[in-house]
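Asker: Dropping a prediction and its sequence here:
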Amino acid sequence: MTHAGNNSGSYLDAPHGIASWLLTKDHKRIAILYLISITVFFMIGGLFAAGIRAELLTPAGDLFTADLYNKVFTLHGVVMIFFFLIPSIPATLGNFLVPIMCGAKDLAFPRINLLSWYLYLIGAMLTLGAVFMGGVDTGWTFYTPYSSMASNTNVTLAALGVFIAGFSSILTGFNFIVTVHRMRAPGLTWFRMPLFLWAMYATSLVMILGTPVVAITILLVGAERALGFAIFDPRVGGDPVLFQHLFWFYSHPAVYIMILPGMGVISELVAAVSRKQIFGYSVVAYSSLAIAIIGFLVWGHHMFVSSQSIYAGLVFSIITMIVAVPSAVKTFNWAATMYKGSITWESPTYWVIGFIGLFLVGGLTGLFLGAMGLDVHLHDTYFVVAHFHYIMVGGGVMGFLGGIHFWWPKMTGRTYPETAGKIAAILVFVGFNLTFFPQFVVGYLGMPRRYHAYPEEFQILNVMSTGGATVLGIGYLLIVTYLVASLFKPRNASANPWGATGLEWDIPSPPITLNFETEPIVTEDAYNYIGRAQKAREN
Amino acid sequence: MLQHHFFNMGQQLEASVLGMWVFLVTEVMFFGGLFMAYILYRSMYPDAWLAGSHELNEMLGGINTVVLIFSSLTMALAVRAAQVGSWMGQVVNLILTIIFGTIFLVVKYFEYAAKFEHHLVPGPYFDPARDPAQQLYFSLYFMMTGIHALHMVVGIVLMLIILRMAWKGRFSAEYYGPVEVSGLYWHFVDIVWIFLFPLLYLIGKHH
């Protein structure tokens, strides 16, 4: 249908110039703007991570002082979570794909979509400003009283940055919900929607319900610091643990903002590389909603040792076990989809398998931590660090990179070298495991997080971890290199290089500005690979 | 009036109304954090809450409640006027809504000024003779009513924009979405006050 150079009316070509990008209302261009910004912040966060791993190479705290180390891990967390992971898939792949998968010309509120990118940028700049003014040392959680009475670092500025970036996330979720409800093409019923849309919808629910709560919480800390108000101040009877409740009411669901989109990407990819309808489509769809809803009821498992009553702890522990069920349902269904599928060994396949493997380990170790008795032993050790990296990096980043590899030809019109894609996936998988698996062990043995020095018997495991981080870093750099290099080559991607189903593959690569020449009409279920193959044979 | 990415006017109106409802959900959660802190501290320090509430002027609070309820009436009438295409109805009711909103803020200003005079603003100048837990009450009082007042200011600016559009005759039975969604926002801000007034002003007044 479309060949290189045959679609000069694409969204990348139509109007030229910097202003046409910075003032664009096209969801696809905004996705690209986001992609560039979050990549920059991923690298900044990665530099801080490199600093952490370099410090932990030796038992003595010799590279950084304790204070500086506090700032380094705080900024690693703040940058990676608020400025990379939370916007990562929703604001890039989601922005690009949600309208196209709905069969719409754009998101419901294009101007608000652009505003969301500017808010992200302003928030990011303020937080970077806090870095240059001397950093923040509260940890990414901004716990009071570290962040209120006990800190003399730039908490207000960094928190203001996070507050503003929160609104960019709210606006993205808001736009997706309205788009999915009101702008689906004729024939695209809820249960014909691609599972990526379901995942984005569930993610958006978490964004609009959770983010405002952390926004008001940060505002209260700001009022305490800037105006001398007393909200969490124990000197007048305030309760610092209230901060933790309000914070985790958002920040636990925020974990699902980071992982649900990855699950959505994998659901698309696993069907495409297996050439099969996904196993138990409606169950996978509902499990996204279940995760979003139950995810709001488990925040207390971060606070088993924070003066929470044992009965509250029991309830939170049980609900934590329950929220693992829909995640397990997804994992089983992906495996069942691949079972007896016609698996093609293309680079997205490697990311799919890597994601499932890492998410499995991350999810199962989450059960260890959700069990109250075990958590008392494991709380604030490297076991926790390893667990959430398996979810957020093993799940979130693998899903993001898998999605980027899958939709790159659609977004840019270019292909990348397949072999490089496979090598990168393997490097990231191996490097990641080498980095974080030893941390489970060292954490179980009792190494606490957030210290710059540790006993000598932990050194061998920490050296493995730093070595793994180096491999991981090389893997990421390799990806950036070949993807950027592909941009300098002529457009060579066909409309549907993977032979995948879905509205986005029926339009040229890259798409035209308004996505569709005529309003599409959907006549079949999602992932109708087998039906299409049969039709092709009959013809 | 039909933006490029919608297929028809009906879809555009439905999208903007749903959008405002979704936005209001986020607002509920935003204020929800404050109400959560209120519930916790009120149950921890009932006496401080009673003493703090005693310092508020329920007469001024009551007047403001009535003013806001009337502003919601005029707002609803403005939406109705837009739907039936009455230019006069829209303009008059929008102006009344703006006036009511402004009265509310003026009354609020006098209330705040009195709190400063009586050393009831939390922080170093807070009356040291008082139970320190009352600082929690007044911190929440200022945060809740302050954020609410900020929403009122945003609402008034919104109404001025809508008034300007209405003045130019932009709205009709076919196109009245902006009036309707701004009205939803106005009613929401009104309802927040309906909760704030009894929770802050009327503690212990039920005898």
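Answerer: All right, it came through fine. Residues are numbered from 1 along each chain as shown, chains lettered A, B, ... in the order given.
Asker: from here on, contacts and neighbour counts on C-alpha atoms
Answerer: Fine.
Asker: Now do the same contact list for residue 48.
Answerer: No chain specified, so I'll use chain A. A:Val72, A:Phe73, A:Leu75, A:His76 (C-alpha atoms under 8 Å, 6 or more residues apart in numbering or on different chains).
Asker: try again with chain B
Answerer: Applying C-alpha under 8 Å, 6+ apart, we find B:Ala48 in contact with B:Asp131, B:Ala133, B:Gln134, B:Tyr137.
Asker: at 7 Å instead, please
Answerer: B:Asp131, B:Ala133, B:Gln134 (C-alpha atoms under 7 Å, 6 or more residues apart in numbering or on different chains).
Asker: ok, so of the residues you listed, who is nearest A:Leu297?
Answerer: When the contacts of B:Ala48 are compared for distance to A:Leu297 (C-alpha to C-alpha), B:Ala133 wins out at 30.0 Å.
Asker: quick one: that closest one and B:Leu202, what's the gap?
Answerer: 19 Å (C-alpha to C-alpha, to the nearest Å).
Asker: B:Leu105: neighbour count?
Answerer: Each residue near B:Leu105 was counted by other C-alpha atoms under 10 Å in any protein chain shown, and the total is 17.
Asker: repeat for A:Val221
Answerer: Neighbours of A:Val221 using other C-alpha under 10 Å come to 28.
Asker: ok, for it, nearest residue in space, not its chain neighbours?
Answerer: A:Ser148 (6.4 Å; C-alpha to C-alpha, 6 or more residues apart in numbering or on different chains).
Asker: per-residue pLDDT, that neighbour?
Answerer: On pLDDT, A:Ser148 comes in at 83.
Asker: what's near enough to touch it?
Answerer: Shown in contact with A:Ser148 (C-alpha under 7 Å, 6+ apart): A:Val221, A:Glu224, A:Arg225.
Asker: that older thread, out of the contacts of A:Phe48, list just those in strands.
Answerer: Secondary structure defined by DSSP state E assigns none of these to strands.
Asker: Return the closest of those residues with respect to chain B.
Answerer: Ranked by distance to chain B (C-alpha to the nearest C-alpha), the contacts of A:Phe48 are led by A:Leu75 at 25.8 Å.
Asker: Please list all residues in contact with A:Met193.
Answerer: The contact partners of A:Met193, by C-alpha under 7 Å, 6+ apart, come to A:Ala526.
Asker: swap in A:Ser509?
Answerer: With C-alpha under 7 Å, 6+ apart, A:Ser509 has these contacts: A:Pro409, A:Lys410, A:Met411, A:Gly413, A:Ala493, A:Ser494, A:Ala495.
Asker: likewise A:Leu378?
Answerer: Counting by C-alpha under 7 Å, 6+ apart, the residues that A:Leu378 touches are A:Val384, A:Tyr444.
Asker: re earlier: drop anything exposed from the contacts of B:Ala48.
Answerer: Buried members of the contacts of B:Ala48, scored by 16 or more other C-alpha atoms under 10 Å in any protein chain shown, are B:Ala133, B:Gln134.
Asker: which stretches of chain A have low pLDDT?
Answerer: For chain A, the stretches with pLDDT under 70 are A:1-8.
Asker: In chain B, which helix is the longest?
Answerer: The helix that spans the most residues within chain B, counting by DSSP state H, is helix B:9-44.
Asker: Compute the inter-axis angle for the following helix or strand past it and helix B:9-44.
Answerer: Moving toward the C-terminus from helix B:9-44, the next helix or strand (DSSP states H and E) is helix B:46-54. Note on geometry: by axes from the mean of the first three to the mean of the last three C-alpha atoms, to 10 degrees, helix B:46-54 and helix B:9-44 are set 120 degrees apart in direction.
Asker: Extract the C-alpha trace of helix B:46-54 and format it as CSV.
Answerer: Extracted in CSV, the C-alpha atoms of helix B:46-54 (Å, rounded to 0.1, in the frame of the first residue of the first chain):
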residue,chain,number,x,y,z
PRO,B,46,-12.6,17.4,69.3
ASP,B,47,-12.1,20.2,71.9
ALA,B,48,-9.7,22.2,69.7
TRP,B,49,-12.2,21.9,66.8
LEU,B,50,-15.0,23.2,69.0
ALA,B,51,-12.9,26.1,70.3
GLY,B,52,-11.6,26.9,66.8
SER,B,53,-15.1,26.8,65.3
HIS,B,54,-16.2,29.2,68.0
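Asker: What count of nearby residues applies to the residue lying closest to A:Ile474 once chain neighbours are set aside?
Answerer: Spatial nearest neighbour of A:Ile474, excluding adjacent residues (C-alpha to C-alpha, 6+ apart): A:Leu427 at 7.8 Å. Number of residues near A:Leu427 (other C-alpha under 10 Å) recorded here: 20.
Asker: Check B:Ile39 too.
Answerer: 11.
Asker: quick one: which of the contacts of A:Ser509 is most hemmed in?
Answerer: A:Gly413 (27 neighbours).
Asker: element containing residue 149, please.
Answerer: Using chain A here. A:Met149 belongs to no helix or strand, assigned by DSSP H and E.
Asker: I was thinking of chain B, sorry if that wasn't clear
Answerer: Counting by DSSP H and E, B:Ala149 is part of helix B:134-167.
Asker: Which positions in that helix come out as buried?
Answerer: For helix B:134-167, burial by neighbour count (16+ other C-alpha under 10 Å) applies to B:134-145, B:148-149, B:151-153, B:155-156, B:158-160, B:162-163, B:166.
Asker: Same question for stretch A:503-515.
Answerer: Within stretch A:503-515, the residues that count as buried by 16+ other C-alpha under 10 Å are A:Leu503, A:Glu504, A:Trp505, A:Ile507, A:Pro508, A:Ser509, A:Pro510, A:Pro511, A:Ile512, A:Thr513, A:Leu514, A:Asn515.
Asker: Enumerate the residues of chain B near chain A.
Answerer: Within chain B, the positions lying close to chain A (C-alpha under 7 Å from any C-alpha of the partner chain) are B:5, B:11, B:15, B:18-19, B:22-23, B:26, B:29-30, B:33, B:122-123, B:132-133, B:135-136, B:139.
Asker: next helix or strand past the helix or strand harbouring A:Gly262?
Answerer: Taking DSSP H and E as the definition, A:Gly262 sits inside helix A:240-274. With elements assigned by DSSP H and E, the helix or strand that comes after helix A:240-274 is helix A:281-294.
Asker: Dump that next one to CSV, restricted to CA.
Answerer: C-alpha atoms of helix A:281-294 as CSV (Å, rounded to 0.1, in the frame of the first residue of the first chain):
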residue,chain,number,x,y,z
TYR,A,281,-9.5,-11.5,25.8
SER,A,282,-12.3,-10.3,28.1
VAL,A,283,-10.6,-11.6,31.2
VAL,A,284,-7.4,-9.7,30.3
ALA,A,285,-9.5,-6.6,29.7
TYR,A,286,-11.3,-6.9,33.1
SER,A,287,-8.1,-7.7,34.9
SER,A,288,-6.8,-4.2,34.0
LEU,A,289,-9.8,-2.6,35.6
ALA,A,290,-9.5,-4.9,38.6
ILE,A,291,-5.9,-3.9,39.1
ALA,A,292,-6.8,-0.2,38.9
ILE,A,293,-9.6,-0.6,41.4
ILE,A,294,-8.1,-3.0,43.9
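Asker: What is the helix or strand following it packed up against?
Answerer: Downstream of helix A:281-294, the next assigned helix or strand under DSSP H and E is helix A:310-338. Contacts defined by 3 or more C-alpha pairs under 7 Å, 6 or more residues apart in numbering or on different chains; DSSP states H and E place helix A:310-338 against helix A:240-274, helix A:281-294, helix A:347-370.
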